[in-house]
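In: make a model of this:
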Amino acid sequence: MKHWWIFFVTILIVFSCGNTLEEETSQEITIPEDNPIKETNIKKNLKILSLGDSYTIGESVCVKCKFPEQLKDSLLKEFSSETTIDLKVIARTGWTTTNLIDAIDAENLTADYDLVTLLIGVNNQYQRKDFSIYESEFPKLVNTAIKAGNNDKKNIIV
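Out: Residues are numbered from 1 along each chain as shown. Prediction:
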């Protein structure tokens, strides 16, 4: 718990790297509307990859209650009835960042996901792993997520 602030600083650093002050000030913040415009005539197959631990897979909750399934259902409501969503989940209860990296390495991930979610880290702390492990592995996982998400950090939710 004593290093929680480093987690947030790490996330801030990861997502601010590469931006110049000019780029940061020129970006606009977009707030989604309550009723976004739905796609009506486009058949599209979206691909979602969810990476993580028990927070991702929803330990001890119903199948439809798991975060990736709720996300999928919410997105399906926003698109036409012709839209399909393929969901791949790489997550297990108790996984640390090291476990997730090993599992991803064992997969043959493609770089064509429309959306990638990454929820990992609590087990590093819970299992009393040295914080330096998280500091070095979390940015690797973020970069892996970006690569899987068509090499676009806008396709990633952390």
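
In: where do the helices of the protein begin and end?
Out: For the chain, the helices defined by DSSP state H cover 4-16, 21-26, 54-57, 67-78, 97-106, 122-126, 131-148.

In: which stretch among these is buried most, on average?
Out: helix 54-57 (a mean of 19; mean count of other C-beta atoms under 10 Å). In this view, the C-beta of every residue, glycine as well, is placed from N, C-alpha and C.

In: output the helices of the chain as JSON lines; include the columns distance to Asp86.
Out: Formatted as JSON lines, those follow (distance: least, C-beta to C-beta, whole Å):
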{"stretch": "helix 4-16", "distance to Asp86": "26"}
{"stretch": "helix 21-26", "distance to Asp86": "33"}
{"stretch": "helix 54-57", "distance to Asp86": "16"}
{"stretch": "helix 67-78", "distance to Asp86": "9"}
{"stretch": "helix 97-106", "distance to Asp86": "17"}
{"stretch": "helix 122-126", "distance to Asp86": "27"}
{"stretch": "helix 131-148", "distance to Asp86": "13"}
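
In: what's the closest of those helices to Leu115?
Out: helix 67-78 (8.0 Å; C-beta to C-beta).

In: ok, back up a step: who wins for proximity to Asp112 among the helices of the chain?
Out: helix 131-148 (8.1 Å).

In: now the closest one - C-alpha only, CSV.
Out: Extracted C-alpha coordinates of helix 131-148, given in CSV (Å, rounded to 0.1, in the frame of the first residue of the first chain):
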residue,chain,number,x,y,z
PHE,A,131,7.8,-3.2,-6.6
SER,A,132,10.7,-3.0,-9.0
ILE,A,133,9.2,-6.0,-10.8
TYR,A,134,5.9,-4.2,-11.4
GLU,A,135,7.8,-1.0,-12.4
SER,A,136,9.7,-2.9,-15.2
GLU,A,137,6.9,-5.3,-16.3
PHE,A,138,3.9,-3.0,-16.4
PRO,A,139,5.2,-0.8,-19.1
LYS,A,140,6.1,-3.9,-21.1
LEU,A,141,2.5,-5.1,-20.8
VAL,A,142,1.2,-1.7,-21.9
ASN,A,143,3.4,-1.8,-24.9
THR,A,144,2.2,-5.3,-25.7
ALA,A,145,-1.4,-4.1,-25.4
ILE,A,146,-0.7,-1.2,-27.7
LYS,A,147,0.9,-3.5,-30.3
ALA,A,148,-2.1,-5.9,-30.1
